[in-house]
Structures are given as C-alpha cells and as structure tokens.
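Trainee: Here is my input; please provide its structure:
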Amino acid sequence: MWCWRHGRRGPGRPMKPRFISTYLRGVKFVPVREDGTFIEAPPIVLLPDELEAFKLVYLEGLSQEEAARRMGVSRGTLWRCLSSARRKIARMLVEMRPLVVAWGEEYGELLR
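Mentor: Numbers count the residues shown, from 1 in each chain. As a prediction, this is how the structure comes out:
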C-alpha cells in the first residue's frame, strides 16, 4: 500500500494523502495503426489516484463509499478522481492519444 499526494505548493489547503495499492511506474499505452506504426500525439497523463479510483470502482466492483474508505479520502474526492479518469480514458480512445501513468516528478516533467 502506497501513500501518494500531489506535489503542489501554494495557497490553500494541502492535499490529503491517498492510499494507492497499484504501483505502475513508467507505463505508457500508445495507439497503433493497422499497418503497425505508432500514432504520435501529445500524451494524456493519468495520475495514480485517478487510476486507483478507476480500478477500485470498475475492476473490483466496490461502491464509491467503500473505494473512498480504502483510499483514505472522502466520497466527493473519489468521485472527482473517478470522473477525471473516465474523461481522460474516453479522450484517449476517441482522439487516439497515448496514455501515460505518471508518479511524482514524472508528472511535473510531462506538463513542461
């Protein structure tokens, strides 16, 4: 079980840590054309908490309350993570863009 939190700093309330059971580092899903060539497009970055929320609700079949309890966040926070993950995965499929699961410093590097 990993404890992960966003590396943001600044005004406002600090982010609550999220407990993550799936650790995928450096994973990238790239669409391929029928002729076998890779499609080059700007990647969509999926954060660890979004991946964990998606996995708990859709793969393991937990309710949002059970998944939120397991991640150590409120149900509203889990809902926002889940909504963001669904949007990103849908965009990846429709726009045929790569999907990258990013952790820590990788997230900042991908946004530059």
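
Trainee: where does the chain have low pLDDT?
Mentor: 1-10, 12, 104-112 (pLDDT under 70).

Trainee: The longest helix along the chain: which residues count as buried?
Mentor: Secondary structure assigned by DSSP state H gives helix 75-95 as the longest helix of the chain. Neighbour-count burial for helix 75-95 flags 77-79, 81-82, 84-85, 88-89, 92 (criterion: 16 or more other CB atoms under 10 Å). Using the backbone N, CA and C atoms, a C-beta is placed for each residue, glycine as well.

Trainee: name the helices or strands packed onto it?
Mentor: strand 44-46, helix 48-54, helix 64-71, strand 99-101 (3 or more CB pairs under 8 Å, 6 or more residues apart in numbering; DSSP states H and E).

Trainee: Identify, out of the ones you listed, the most deeply packed stretch.
Mentor: Neighbour counts (mean count of other CB atoms under 10 Å) averaged over each of the helices and strands packed on helix 75-95 peak at helix 48-54, with a mean of 24.

Trainee: could I get the helices and strands packed on helix 75-95 as JSON lines with distance to Val30?
Mentor: JSON lines is the format used below for the helices and strands packed on helix 75-95 (distance: least, CB to CB, whole Å):
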{"stretch": "strand 44-46", "distance to Val30": "11"}
{"stretch": "helix 48-54", "distance to Val30": "17"}
{"stretch": "helix 64-71", "distance to Val30": "28"}
{"stretch": "strand 99-101", "distance to Val30": "8"}
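
Trainee: The ones you listed: which one's closest to Val27?
Mentor: strand 99-101 (4.5 Å; CB to CB).

Trainee: ok, and what's touching that closest one?
Mentor: With CB atoms under 8 Å, 6 or more residues apart in numbering as the test, strand 99-101 has contacts from 24-25, 27-29, 43-46, 48, 51, 88-89, 92, 106, 110.
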